[in-house]
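Chemist: here you go, sequence then predicted model.
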There are 2 protein chains.
Amino acid sequence: MSKQVGQSKIRVDAFDKATGRAKYTDDLCGKDALVVRLVHSTIAHGLVKSIDTAAASAVEGVVKILTCFDVPNIPFPTAGHPWSTDPHHQDVADRLLMNRHVRYYGDEVAAVVAENEIAAAQAARLVKVEYEEYPFVLDPQEAMQPGAPLIHGDHPGNILGHGELRIGDYEKAIQEPGLIKVEGWYDTPTVQHCHIENHVCFAQMEGGGRITVVTSTQIPHIIRRVVGQALGIPWGKVRIIKPYIGGGFGNKQDALYEPLCAWLCTQVGGRTVKIDCSREETFVSNRVRHAIRTHIISWVRPDGTFAARKIECFSNQGAYASHGHGVTAKGFNAFPQLYPCPNITGDAYTVYTNMPAAGAMRGYGIPQAMWAGESHLDDVAKALGRNPVEYRRQVVMPVGYRDEFSKNENYFDTFNQVMDKGMEAIGYQEKWEAYQHQTGPVRRGVGMALFWYNTAVWPISLESSSCRMVLNQDGSIQVQTGETEIGQGCDTAYAQMAADAVGIPFEDVHIVSTQDTDVTPFGLGAYASRQTYIGGFSIRQTGQMLKERILTYAVELTRQPRANLDLIDGKIVRVSDGRELMGLGELATEALYSLEHSQHITAESTYQIKNNAYSFGCTFAEVEVDIPMCKVKLLNIVNVHDCGNLINPALAEAQVHGGMSMGIGFGLSEELKFDPKTGRPLNNNLLDYKLSTFMDHPNLQALFVENPEPTSPYGTKALGEPPACSPAPAIRNAVLQATGVAVDRAPMTPHVLFAAFREAGLL
Amino acid sequence: MSKQVGQSKIRVDAFDKATGRAKYTDDLCGKDALVVRLVHSTIAHGLVKSIDTAAASAVEGVVKILTCFDVPNIPFPTAGHPWSTDPHHQDVADRLLMNRHVRYYGDEVAAVVAENEIAAAQAARLVKVEYEEYPFVLDPQEAMQPGAPLIHGDHPGNILGHGELRIGDYEKAIQEPGLIKVEGWYDTPTVQHCHIENHVCFAQMEGGGRITVVTSTQIPHIIRRVVGQALGIPWGKVRIIKPYIGGGFGNKQDALYEPLCAWLCTQVGGRTVKIDCSREETFVSNRVRHAIRTHIISWVRPDGTFAARKIECFSNQGAYASHGHGVTAKGFNAFPQLYPCPNITGDAYTVYTNMPAAGAMRGYGIPQAMWAGESHLDDVAKALGRNPVEYRRQVVMPVGYRDEFSKNENYFDTFNQVMDKGMEAIGYQEKWEAYQHQTGPVRRGVGMALFWYNTAVWPISLESSSCRMVLNQDGSIQVQTGETEIGQGCDTAYAQMAADAVGIPFEDVHIVSTQDTDVTPFGLGAYASRQTYIGGFSIRQTGQMLKERILTYAVELTRQPRANLDLIDGKIVRVSDGRELMGLGELATEALYSLEHSQHITAESTYQIKNNAYSFGCTFAEVEVDIPMCKVKLLNIVNVHDCGNLINPALAEAQVHGGMSMGIGFGLSEELKFDPKTGRPLNNNLLDYKLSTFMDHPNLQALFVENPEPTSPYGTKALGEPPACSPAPAIRNAVLQATGVAVDRAPMTPHVLFAAFREAGLL
């Protein structure tokens, strides 16, 4: 069989997307849809006392104005997690469709439904809202203080989640004589995903009170559940359709405006109602990445071994729970694994503030954790006078390490392999030596950072995937899964997997890219870098079922025993002599139209995954720092990944490029800023928010170490998020080598560097 | 279990359709679609010598003009029949996408693709076509004559199909002394279906050269095959989507403009291209009902028994084969079954003419056959001096009659039961007697007609049906079938069947009304009155599979043995004590989200049907005939049907009302007329074409005899087409009683009656 997996096939959606034929949510919205404009809070914290809609209602074309006084009193969760039937494991339900108690600048207080965009916008401006203002707090550590304003009444100290790590005896261990103490505080910013397509959705009612929502989401089956919860209707009354989407990066792994849109639809007699976010709304009223402040103390022996370590995380949740503590927890739990130590104490807090709600974003806590942990590792190496790479080889997770909770195992010598490859690619050793002891205003440095990542969400949550395959008369097949194409290329990877599983050419696989919860087999969507790993299980299983059914039918037509038949490259082959007995198209046509035995050959199955897999790698970066200008120029950067076997090397490389770009922005330029006096967002647009772009990047080099993942049907594991995890600390560590200054906050903008260089006496 | 089948549930699509929420093809077409206007032939027969598109191309907004000189030379069939892998059993492939050799006034010669409707229409008018004119022929018997113009070169005498009936020895039998010879010629008109929604479709290309056509069709899976054939591409490259449609009645059981639309799309880089028929085009350039002229001679003994019978049919196929001889054959083959006779000779000819192509239309040859046969039966009764009802009781198909080809059997005394019921409802006996021997200008009469019908197409063609069911977390299900809702209400009937098969409330069944050949299980669509009969097999089978999977999972959750569990009205019930152990929603939710055993419970199966069923009934009509005005007023009409068990009595009644309306128009007013000098259609619009309407009807009474069909899973059989089969001859026979005039042609317009009454000496 010609193996499709492992080849750089052209994306199955390449031509549609390049020619503009691909249909996105707004393309599918009917001409007669009503348009919604939302009225957002203009204070950071307070109570809506009254809303005057008289002037707004008078605008011609306004159909209805609904406010926070009208919505049902049903708190609902928004996080795109698999549902749990265990109440203790369910996401926090702390949202209403619109809020009288507004908790951040941008909270929804009213919605104007109008015949057209202009009327909606005009009327939204005329809605008059009277507030009672409350004190507000933007910083998580301040929010934990006694006397801080309580954002949700039932969370003392505004603490949404608190995790603890207690390994060995930290207090006793730090008494050991001769230990070197290395301590640091590491801050990461609030950033936004900045996918190309803003969130957009439209809802319409169908027979029997059913509601269809077409939406730009990563998680259609989960959105169905959340819409049902938010509206208080049975989940089967909700149908979600997910067409092509223009990126998500985790922002769309959350129920955004789908519940509100669905409810508004019910308020206008089931007519089509569309909510189309502006970029300004996307920045503030969707989700952001958790800004996390991490405090690490390492007690190190002169030989480099860790005697004891302490970690504290303060994660800025913003106004609503969304993914909540799970994000902080993922990074927090990486800490004892990446650099094992017998004595660890740790506390992680996820804290409500009057900021936009933080949710999932590519890396899910790991970019923040790596910024802290890998910056700190270089600080430790520096304190020990050791080379950072050489030092990491000593202390990093050893081969054979196994995490007893996840059952993940470090099967290969991945860390040394990726570091070797990265060092060679960037010329680390020579540069490291050449850049020691520089003087002058412009200096260079090389730095690196490792990352730890685990694939998918088992055993914390459900991992299951379903797949259905439908054989056509020409021998081609359709493949349906609940896992979603969100631009990452999974449809192409799935087509390759399906071709191999069934035994047909790649071109004969038609992936049904649109998920429709009425007919798409249940799957959880795109997140946790799970697509190729999780989807692979059900695609292989279902492909084998389909193949078995085809060959069973082939027995009837060829009169050969099943054991002597195989399906290879779309041909029914007699195994004993390799003769091609018939084409699959001929078989499919005969099977469908046979007057003796007509059968539409299809297959469908669910696979529940009870495995998980580590996915490791590193970044090497080379920078030039202009100290008087407080400016970092990135000269070279290389990411090295072990994501198991590559399904499609070209797509894998593209994945890494995108993640590196995001990591570079995280390290150097991106930060969503707020006015400390009002909580108002200051740069929620693509002009003032300094997204990392092509012009800021050197050549982005992506390299791979392909250690096949033994638990995975195609030997693959996480690649979607990992590339974004280590670039920022690698750049930070390169700046450290260049200047000797250990910068403690991302992004390393001129403002941050000015303060740091000043403090270090360089300016 | 509460039985849903048999109840008059409200249509599942009632609210969507009544409120305008239901989405039809044009509602789904994108805002940026290109619009097509077709240029039709303005001669009845000839050759396109040249087409000048210069002026048309200059119209602003015109994107492309394609002509009959551009299309691929791939003849294709259009009939909505199941494909056969036996070449002898395939439909005649006699069409190109557009035609240089034009064969009727209205044939397609060019297509203008433009940015908007106005540009397309303007340019279409500017396309200059130069023809070489050929002689043409509109009448089938004339077309069979030597020297008649040959419309398709390879069919001598223009004969597309010829069927023969030879039973016993006709020539010998007619020698029997004392026989009474009754002879008649019976003509039916060319009529059109006049569904509310004209045919409309749009096509767009997707990745890998795949083409999606959204279309107003009855037969999406068949259309996929025909589009593939017409374009010469693998069938799996074609995807057909069928949304709600506004009626079809057989016109949309044909590939209409889907192949041309798909091809035009390929000629403009895959952009969306829409063809939206005007009513004028629908009348002429879609399909019409075969006008059939039937010649019958009966040789009857004085005791009423048939000694021998002869039948000849001349069916007007028009310019292209479409459903071809199958339509004539169905009625032709009913002849020896409805009134068995030991000596029959018959010939049926389906003949090409220069008329619009005739295709499928409600009744598929049976309305024409009943017009001839039931008119003739009354002529025989009259010749014998017998009452028509009483006479029919003597000669009609007896109980226990079995057709050896179809294996159909007349299990019950249906004919006498329906006649008894009809007689009583209309007060036949008293009226028949009262209306004998009338004089004066205005006279009344009662008449009746039986009909013969068989359900579905087995054993002539494939009958199979597939179904898929998907369980939601709330215990509701989606049901997908390839059989289509075309306004007849099958979605509602299917929901009732599925509810009973699975054991859940009717409200918990969501029928997926839209067929999408990429994901909908294979089914053949709506025709041959097959929906409830054929669909029932796969719905019951799949429902039982789903129920079994649910109860198998219930064993895990309830710890009861499978044999002690049942699913009743959406509850898992312990059989031994009737206790409700859990709701289906609870089970579905647990099954989906279980961390132990997660399963998305679905079921899918194909059922191949190798049975068929007779479906009989009759019409009784009472008329008042104004002889000087040559006008028939219908006073009373009642249809009585044995379609087995009624799935939904209210919907069944509505079906019958619609069919009766069509039958009344067929008998009294509807005829598409053509200029004999040019072949030009004269009344192809709803003003001049006299469609029977509400105002022409008395109360339409529908009665039923429910003899359960033993081969059918729900005891049901054909009802969709039968109501249209017998009204016209019943009215004709009532006119016969009133006036003594045996009218020989439908519709009985004043023009026809004037000639008949003149000939009979009444005027």
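Modeler: Yes, it's here.

Chemist: which residues of the stretch 601-750 of chain A lie near chain B?
Modeler: A:602, A:604, A:606, A:608 (C-beta under 8 Å from any C-beta of the partner chain). Where you see a C-beta, it was placed from the backbone N, CA and C, and this is true even at glycine.

Chemist: so what's the second one bridging to?
Modeler: What that stands for is A:E604. A:E604 has the following beta-bridge partners by DSSP bridges: A:R468.

Chemist: what about it, neighbour count?
Modeler: Here the number of neighbours of A:E604 (other C-beta atoms under 10 Å in any protein chain shown) works out to 21.

Chemist: likewise for the third one?
Modeler: Residues contacting A:T606 under the criterion other C-beta under 10 Å number 24.

Chemist: ranges for the helices of the stretch 101-250 of chain A?
Modeler: With DSSP state H, counting those that start in this stretch as the criterion, the stretch 101-250 of chain A has helices at A:117-126, A:140-143, A:170-173, A:220-231.

Chemist: can you pull the buried residues of the one helix or strand in chain A whose mean pLDDT sits lowest?
Modeler: Ranking every helix and strand in chain A by mean pLDDT, DSSP states H and E puts helix A:14-19 at the bottom, with a mean of 92. By neighbour count on 16 or more other C-beta atoms under 10 Å in any protein chain shown, the buried set for helix A:14-19 is A:15-16.

Chemist: nearest spatial neighbour of A:F202, chain-adjacent residues omitted?
Modeler: Nearest residue to A:F202, sequence neighbours excluded (C-beta to C-beta, 6 or more residues apart in numbering or on different chains): A:K274, at 3.9 Å.

Chemist: now do the helix or strand that neighbour falls within: which elements does it pack against?
Modeler: Following DSSP states H and E, one finds A:K274 within strand A:273-276. Strand A:273-276 sits against strand A:34-40, strand A:200-206, helix A:258-267, with contacts defined as 3 or more C-beta pairs under 8 Å, 6 or more residues apart in numbering or on different chains; DSSP states H and E.

Chemist: how about TSV for those, with mean pLDDT added?
Modeler: As requested, those are exported to TSV (pLDDT from 0 to 100):
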stretch	mean pLDDT
strand A:34-40	98
strand A:200-206	96
helix A:258-267	98
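
Chemist: would CSV of those with mean neighbour count be doable?
Modeler: Shown next, in CSV, are the helices and strands packed on strand A:273-276 (neighbours: other C-beta atoms under 10 Å in any protein chain shown):
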stretch, mean neighbour count
strand A:34-40, 24
strand A:200-206, 26
helix A:258-267, 25
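
Chemist: out of these, which is closest to B:K49?
Modeler: B:K49 lies closest to strand A:200-206 among the helices and strands packed on strand A:273-276, at 51.4 Å (C-beta to C-beta).

Chemist: so which of the helices and strands packed on strand A:273-276 comes closest to B:R574?
Modeler: Nearest of the helices and strands packed on strand A:273-276 (C-beta to C-beta): strand A:200-206, 35.8 Å.

Chemist: relative to that closest one, what are the paired strands and their orientations?
Modeler: Sheet pairing of strand A:200-206 (DSSP bridges) gives strand A:210-215 (antiparallel), strand A:273-276 (antiparallel).

Chemist: the longest one vs helix A:258-267, what angle?
Modeler: Meaning strand A:210-215. 140 degrees (axes from the mean of the first three to the mean of the last three C-alpha atoms, to 10 degrees).

Chemist: chain B contacts on the stretch 351-500 of chain A?
Modeler: Near chain B, when you scan the stretch 351-500 of chain A using C-beta under 8 Å from any C-beta, you find A:459, A:462, A:464, A:466, A:468, A:470, A:472-478, A:480.

Chemist: and the buried ones among those, selectable in PyMOL?
Modeler: To isolate the buried ones among those in PyMOL, judged by 16+ other C-beta under 10 Å, type:
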select buried, chain A and resi 462+464+466+468+470+472+473+474+475+476+477+478+480
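
Chemist: what about the residues of the stretch 351-500 of chain A next to chain B, which are in strands?
Modeler: A:464, A:466, A:468, A:470, A:477-478, A:480 (DSSP state E).

Chemist: in contact with the nearest residue to A:A369 once chain neighbours are set aside, which residues?
Modeler: Nearest non-adjacent residue to A:A369, counting by C-beta to C-beta, 6+ apart: A:G331, 2.8 Å away. By C-beta atoms under 8 Å, 6 or more residues apart in numbering or on different chains, the contact list for A:G331 reads A:292, A:313, A:365-366, A:368-370, A:372.

Chemist: try 7 Å
Modeler: Under the criterion of C-beta atoms under 7 Å, 6 or more residues apart in numbering or on different chains, the neighbours of A:G331 are A:365-366, A:368-369.

Chemist: and if you look at A:Y494?
Modeler: A:479, A:481, A:511, A:535, A:539.

Chemist: switch the cut-off to 6 Å
Modeler: A:511, A:535, A:539 (C-beta atoms under 6 Å, 6 or more residues apart in numbering or on different chains).

Chemist: surely the second one is in contact with A:E483?
Modeler: Yes: using C-beta atoms under 6 Å, A:G535 is in contact with A:E483, at 4.5 Å.

Chemist: now do the helices in the stretch 651-763 of chain A.
Modeler: So, for the stretch 651-763 of chain A - with DSSP H, counting those that start in this stretch - the helices run A:727-739, A:750-759.

Chemist: chain center to the longest one: distance?
Modeler: Think helix A:727-739. 25 Å (C-alpha atoms, centre = their mean, to the nearest Å).

Chemist: list the buried residues of it.
Modeler: For helix A:727-739, by 16+ other C-beta under 10 Å, it's A:727-739.

Chemist: show me the two of those that sit farthest apart.
Modeler: The most distant members of the buried residues of helix A:727-739, if one measures by C-beta to C-beta, are A:P727 and A:T739, lying 18.5 Å apart.

Chemist: reformat the contacts of A:Y494 as CSV; add neighbour count and pLDDT.
Modeler: Shown next, in CSV, are those (neighbours: other C-beta atoms under 10 Å in any protein chain shown; pLDDT from 0 to 100):
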residue, neighbour count, pLDDT
A:I511, 22, 97
A:G535, 30, 96
A:I539, 30, 98
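
Chemist: closest to B:Y320 among those residues?
Modeler: Nearest to B:Y320 among these, with distances taken as C-beta to C-beta, is A:I511, at 37.6 Å.

Chemist: what's the neighbour count on the closest residue to that closest one other than its chain neighbours?
Modeler: Computed as C-beta to C-beta, 6+ apart, the closest residue to A:I511 that is not its neighbour in sequence is A:D491, at 4.2 Å. By other C-beta under 10 Å, 25 other residues sit near A:D491.

Chemist: kindly report the same for A:A321.
Modeler: For A:A321, using other C-beta under 10 Å, the count is 26.

Chemist: same question for A:I43.
Modeler: 21.

Chemist: does it count as helix, strand or coil?
Modeler: Reduced to three states with DSSP: H, G, I helix; E, B strand; the rest coil, the structure at A:I43 is coil.

Chemist: I'd like the distance between it and A:T345.
Modeler: 40 Å (C-beta to C-beta, to the nearest Å).

Chemist: equivalent analysis for A:I233, please.
Modeler: The value you get for A:I233 to A:T345, if C-beta to C-beta is used, is 47 Å.

Chemist: cool, A:V555 as well?
Modeler: 65 Å.

Chemist: neighbour count winner among these two?
Modeler: A:T345 (20 against 15).
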